[in-house]
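> Sequence below, structure please.
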Amino acid sequence: MRLLVPDVRGQARWGTANLTRGIVQELETGGYTVLQEDAFAEAGDTLRIDPKVRWNPKALAAIGKKIDAHWVLRVTVTKRGWLYTARALLVNAESGQIEMDFRSDYYKPDAETRDRGYRIGRKTNQKLETLWPGRRAQLANVTKPPEPPPPTDTTETTTVAESTSILDEVDTDTDFGSGDTDFDAEFNAEFSGDTEVTAEAEFDGFGEEDGWVWSVRGWVGSKYWAFVSPDLLDGKSRQILKAGFRSTVTGKFGDSARVRLLPLVEVDATNQRLHRLIVEEAFFEYGFRHADVRIGWNTLTWGSASALHVVDVINARNFAEGIVDAPKVGQPMASAKILLGNHSLSLLYLTPFIPPALPRFDTPFSVIQAPSGQDPQTFDYGDAPLYASSLEQWHPQVATRLDLVFSGFDVHAGYFYGYNRFPFVHLPTDTLVYPLLHHISSDASILFGNTSLKLEGAYVIHTPTDRTRNPPLTLDNGRPAAEIPMPGPRVMVVAGVEHTFDNFVGGSTFIPLAEVIGDSDSQLFGGDRPPDDIVRFFENHLVYGFRWDFNNGVGSQITFTDLFDLRNPTDHLITLEYNERWFQHYTFAIGGRLGTARDGTKGTFFRQLTSLYTELRLNY
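Model (predicted):
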C-alpha cells in the first residue's frame, strides 16, 4: 500500500520536522510504502495546482492519484496560547473522502513532538486496518499493490480527540491554550458538504464524566548507577538503585478550563536515602479569548539555548542527583499570559519561594565537601538558610516576559526580581545565603533552513539588604558575623548553533550542536574572584555534542555531550547515552559519564561523577 505523507504543515519551531519523522517511521514499520514531500511537490507542480490550495482534500486526492498513492495523510500544527495541536486527516486518494480526523495535543515541541508523530502513525495504521481488512494477507500474496476499496455512502469519518500531556525531563515550558478559531474556520470552509463528521471520542485514564475530560500519562521505571571513579571521596557509596513513578494528570472542562497535577515518587533501594515525594505541578488555569490565567504550583522555562541557560530563573531545581540536567522544582505562582496573535506578554507573582533540593554529602553528586568536623551522612546546609529579606520565603517576587514570534525567528525579553535560585555559601559560618537580585534578560532563536542560531543574555544586579549588611549569624567564637559581600553587577551571555542533517546515513537524522557561555564576572576575563565563585560551575564553559536518531523500528538514538571549562581545558564532563523503544511502551537507556580535571580546579569534583548507568521505563 502506498501512502503520500507531505511534510507536516506549520512553523518549524513548533516541532514539525520531528512530527514528520515520527509519522513516517511508524508507517514504514507498519509495512507501507511512504511517499514524501518531494513527490507531493513534483506532482502538484505537474498538475499545476496552486500551492495555496494543495492542502485541500480534493487537491490532495488528485495529487495522490497522480503518483499512484492509495491514501494521503495531511498533518497540520496550529498553536493557540500555549497549546499546540497536531491535526491529522487521512484522505482516500480515489474518492477524496476524509476517513480519519485525529488530533493530538502537546505543550513542549522539543520534548514531545517525536512521540506525537509515533502516535499519529500508530493511529493511522489502526484506521487503515479497519478500512482495508486483511491487507497484510493481501500484500503477502500479490506482487502488485491492490486497489483500495471503492467508497460507499456509509463511509464514516472518525474524529478522535486525544488529550495527552507526557512530560519528559527536558526543561521546557508546559503551557495551555484553548482551540484555534482560525484553523476551525479553515476546516469548516474546506470540508463543509464534503463529508459528515461524527464524533468517536477516545480519552485516556478516567474517561469523561460530568463534562470533565481526564488524561493520565506518565512512567514507572528504575535506574541503576555504578560510580567507578578511583578517587571517589570516602563515605560516598559507589552504587545507587532507585525506582520511580511519575504521572501527569490533566483535566479539561470545555475549551476554557484545565487542572493539572504532576506528582513524582522516587525510592532509593540502596543506602543513599534519596527518597522523595514531590508535586512538580498542581494548578488551575482558565483561558479567555485573549488571555490565560493560572494559579498554583508550576514550572516554566525561559530561554532559547539547548544546553546552558542564563535567563531561566523562575524555578529552582532538584540537585539531589547533581547539578547537571537537574529537574525543576514547582514554584507557587499566580500568572497571566496576554495573547497578542502569535505574540504574548506574561505577568507573574511568585510567592512563597521554594528553595532547591541540594545533594547529600554522602552521595557522589555533591560537588563540595561537608564542613570539617561534620558527619557527611547527617549534615545539611539547608537546615537554616539565610534569606536576604526578613520575610524569608514570603518576600514578594515578580517577573514579566514578552514573547515575539515571527516567521523564522523569535525574540524574548524578561525581567525578574526575587531570590537567586541557587544559593552561595557563607564560609565563615557554613550558611547558605539566598540573595535578592534584579535579572534583566533577552533571548532569541533564528532559523536558517536546517540551521538554528540561539542567543541568550542577562544583566544581573545583586541587592544588599539589612540582613546581608548585618547578618543574624555568629562565628564559632560567638562574635557576630561581618557583612556578607554581594557579587557586583555582571553580564552573562550564551551563544549556540545547531544543524539538522536529514538522511545522514541510511535515512538517519544527525543533529550536532555547540554552545558557549561567557560571564563578565569570570576570572577568564581578568576579573577578581566573586564572593559566590564556589558555586558558579559554568561561567566560562563550552558544551558541544550531537543527537543521532536512526529512525529505525525501535527509535534508536545516541546522545553525546562534552562540557569543558575554557579557563581549564583539562576539565571535561563527557556523557554518552544510547536509548531505544521496546514494544512501543517501554524505553531502555544505557550510558556513562567521564569526568576529568587537574587537581585544584572546580572540575576536580566532577571526577567522582565518572559512572555507568542503565534505565528501564514503562510508559503509560
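> which stretches of the stretch 1-150 of the chain have low pLDDT?
Along the stretch 1-150 of the chain, segments meeting pLDDT under 70 span 80-82, 132-150.
> Show me the strands in it, by range?
2-4, 33-35, 71-80, 83-92, 98-106 (DSSP state E, counting those that start in this stretch).
> ok, now the stretch 151-300 of the chain?
Using DSSP E, counting those that start in this stretch, strands in the stretch 151-300 of the chain cover 157-162, 197-199, 207-209, 212-227, 239-253, 257-268, 276-287, 291-298.
> Where among those is average confidence lowest?
For the strands of the stretch 151-300 of the chain, mean pLDDT drops lowest on strand 197-199, to a mean of 27.
> what does the host helix or strand of L573 rub up against?
Assigned by DSSP states H and E, L573 belongs to strand 572-582. Residues outside strand 572-582 that contact it (CB atoms under 8 Å, 6 or more residues apart in numbering) are 324, 545, 554-564, 587-597, 603, 606, 609. Placement of C-beta: from N, CA and C, glycine included.
> residue contacts, the closest residue to A62 other than its chain neighbours?
Distance criterion CB to CB, 6 or more residues apart in numbering; nearest residue to A62, sequence neighbours excluded, is L47 at 6.1 Å. Taking CB under 8 Å, 6+ apart, we find L47 in contact with A62, I63, K66.
> need the contact list for the last one.
Contact analysis of K66 by CB under 8 Å, 6+ apart lists A43, T46, L47.
> ok, now with 6 Å
A43, L47 (CB atoms under 6 Å, 6 or more residues apart in numbering).
> ok, it to A316 distance?
The gap separating K66 from A316 is 57 Å, by CB to CB, to the nearest Å.
> Kindly report the same for the second one.
When distance is defined by CB to CB, I63 is 52 Å away from A316.
> ditto for V494
20 Å.
> Please identify which of those two sits among more neighbours.
Counted by other CB atoms under 10 Å, V494 and A316 do not tie: V494 has more neighbours, with 27 against 22.
> picking up where we left off before, buried set for the strand holding L573?
H572, L573, I574, T575, E577, N579, E580, R581 (16 or more other CB atoms under 10 Å).
> which ones are touching the residue nearest to the fifth one when sequence neighbours are not counted?
Beyond its immediate neighbours in the sequence, the residue positioned closest to E577 (CB to CB, 6+ apart) is G591, lying 3.2 Å away. Taking CB under 6 Å, 6+ apart as the criterion, G591 is in contact with L576, E577, Y613.
> which residues of this protein fall in helices?
Under the criterion DSSP state H, the chain carries helices at the ranges 16-29, 37-46, 57-66, 109-131, 135-141, 181-191, 466-469.
> Show residues contacting the second one.
Contacts to helix 37-46, defined as CB under 6 Å, 6+ apart, come from residues P6, D7, R54, I63, K66, I67.
> Could you measure from the residue nearest to the fourth one when sequence neighbours are not counted over to D325?
Read it as I63. Excluding its sequence neighbours, the residue lying closest to I63 (CB to CB, 6+ apart) is A43, at 4.6 Å. With the distance defined as CB to CB, A43 ends up 45 Å from D325.
> These two - which one has more neighbours?
Between A43 and D325, counting by other CB under 10 Å, A43 is the more crowded of the two (20 against 13).
> Now do the more buried one against V75, distance only.
Distance from A43 to V75, by CB to CB: 18 Å.
> circling back: CSV please, covering the contacts of G591 and showing distance to R114 and pLDDT.
Listed next are the contacts of G591 as CSV, based on distance: CB to CB, whole Å; pLDDT from 0 to 100:
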residue, distance to R114, pLDDT
L576, 20, 97
E577, 16, 97
Y613, 22, 96
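> Could you export these as JSON lines, including distance to D476?
Listed next are these as JSON lines, based on distance: CB to CB, whole Å:
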{"residue": "L576", "distance to D476": "45"}
{"residue": "E577", "distance to D476": "45"}
{"residue": "Y613", "distance to D476": "40"}
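> how deep is the closest residue to Y387 other than its chain neighbours tucked in, by neighbour count?
Leaving aside its sequence neighbours, Y387 sits nearest to Y434 (CB to CB, 6+ apart; 5.1 Å). Y434: 24 surrounding residues under other CB under 10 Å.
> Same question for Q374.
Neighbours around Q374, by other CB under 10 Å: 14.
> Might you report the residue contacts of P263?
Shown in contact with P263 (CB under 6 Å, 6+ apart): V279.
> redo that, cut-off 10 Å
When contacts are counted by CB atoms under 10 Å, 6 or more residues apart in numbering, P263 touches G218, F245, R246, S247, T248, V249, L277, I278, V279, E280, E281, A282.
> Show me what the last one is bridged to.
Beta-bridge pairing of A282, defined through DSSP bridges, involves L261, W297.
> And for the second one?
For F245, the beta-bridge assignment (DSSP bridges) gives partners V220, V265.
> I'd like to check which residues are in contact with the nearest residue to H426 once chain neighbours are set aside.
The shortest distance from H426 to any non-neighbouring residue, by CB to CB, 6+ apart, is to V433 (5.2 Å). Taking CB under 10 Å, 6+ apart as the criterion, V433 is in contact with 385-388, 420, 423-426, 467-468, 471, 473, 484, 486, 531-532.
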